[in-house]
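Trainee: pasting the sequence and the predicted model now:
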Amino acid sequence: MPQNARALFRRLRAPLSGVVVLAATTFLALGAASPASAVTISATYDTVSLTATPATVSVGDTVTVSAVFTGLVDAYAYELDIAYDAKRLAFIDDSEQLPSGGFDSVTDRGGEIAIAATRLGTSPGLAGTQTLVTLRFAALDEGDASLAFSSGRIVGSNGQTSTVDPAAEGASTTVAISSDDESEPGSGDDGSVGADPASGPGSRPRTGSGSAADGSLAITGTDAAPWLILGAGAIAAAAAGTIIAIRRRTP
């Protein structure tokens with residue numbers, strides 16, 4: 001995606017966290033889904049697990065948060081809102097990773113990440129165990145930082161929805177953040193070899209410094225044009241004057 005187009009997308013996606021799923025359901029209702037989607041199948045899941053890795057970090061370290069669903073059935077589109085402790089965590093922009101083969105929008109609202117994603121055209125809905133989103137955060141301040149689902153829904157290829165229960169077991173997690181300069185209390189030094197201060201807890205290397213994918217995949221105008229035109233019509237009817245900007249994830 002050209003740099004100016006990417007910048008425009010980032011400016012426009014903030015108020016549109018629910019538009020991707022709206023466009024997807026309208027797209028399906030107008031007959032763009034595969035014939036198999038005519039069979040009534042409810043979008044469901046068995047369990048949800050929000051995990052943070054590592055669960056214990058120091059200020060300045062990076063935390064990877066994943067939302068894993070098991071027993072998914074026909075998850076053609078979904079919206080997930082994940083609340084986080086903005087005092088102790090900062091979302092790393094463009095660090096998100098979602099399943100390939102569709103479009104998505106991820107917006108940081110400051111204390112909450114809004115995720116919306118949809119499959120494309122005749123692509124089948126997601127099934128089984130799937131990581132629906134992975135996010136990365138930087139640890140800002142010491143203390144226990146909580147993350148939890150605040151809301152969510154999964155949309156099937158027939159437009160039926162299943163609500164994500166924020167109170168369900170596994171729908172929240174906590175990251176323990178320690179001060180960067182914390183160290184073990186001294187024991188008087190026994191003179192043993194290897195007591196190099198450079199190897200102490202306060203000087204260990206930072207993690208997640210650029211090896212993870214940033215999820216910024218280019219959109220292909222030729223392939224996306226029919227979907228975008230149809231989606232634009234649905235959005236214009238539902239919210240006059242609103243502009244949608246979405247990205248395509250290639251397999």
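Mentor: Perfect, I can see it now. Numbering: from 1, shown residues only.
Trainee: shaky segments in the chain?
Mentor: Low-confidence segments of the chain, defined by pLDDT under 70: 1-42, 181-251.
Trainee: so which residues of it form helices?
Mentor: 3-12, 19-29, 221-238 (DSSP state H).
Trainee: only the buried residues of stretch 92-106, if you could.
Mentor: Buried residues in stretch 92-106, counted by 16 or more other C-beta atoms under 10 Å: I92, S95, E96, Q97, L98, P99, G102, F103, D104, S105, V106. Where C-beta positions appear, they are placed from N, C-alpha and C, glycine not excepted.
Trainee: redo those as a markdown table? Include distance to L135.
Mentor: Output for the buried residues of stretch 92-106, formatted as a markdown table (distance: C-beta to C-beta, whole Å):
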| residue | distance to L135 |
| --- | --- |
| I92 | 8 |
| S95 | 6 |
| E96 | 5 |
| Q97 | 8 |
| L98 | 10 |
| P99 | 14 |
| G102 | 17 |
| F103 | 18 |
| D104 | 12 |
| S105 | 14 |
| V106 | 8 |
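Trainee: just those residues now: which is nearest V133?
Mentor: Using C-beta to C-beta, the shortest approach to V133 within those belongs to L98, at 5.4 Å.
Trainee: how close does that closest one get to L147?
Mentor: 17 Å (C-beta to C-beta, to the nearest Å).
Trainee: could you do I115 as well?
Mentor: 13 Å.
Trainee: so what's in contact with these two at the same time?
Mentor: Shared contacts of I115 and L147 (C-beta atoms under 8 Å, 6 or more residues apart in numbering): I82.
Trainee: which non-adjacent residue is nearest I92?
Mentor: Leaving aside its sequence neighbours, I92 sits nearest to R136 (C-beta to C-beta, 6 or more residues apart in numbering; 4.5 Å).
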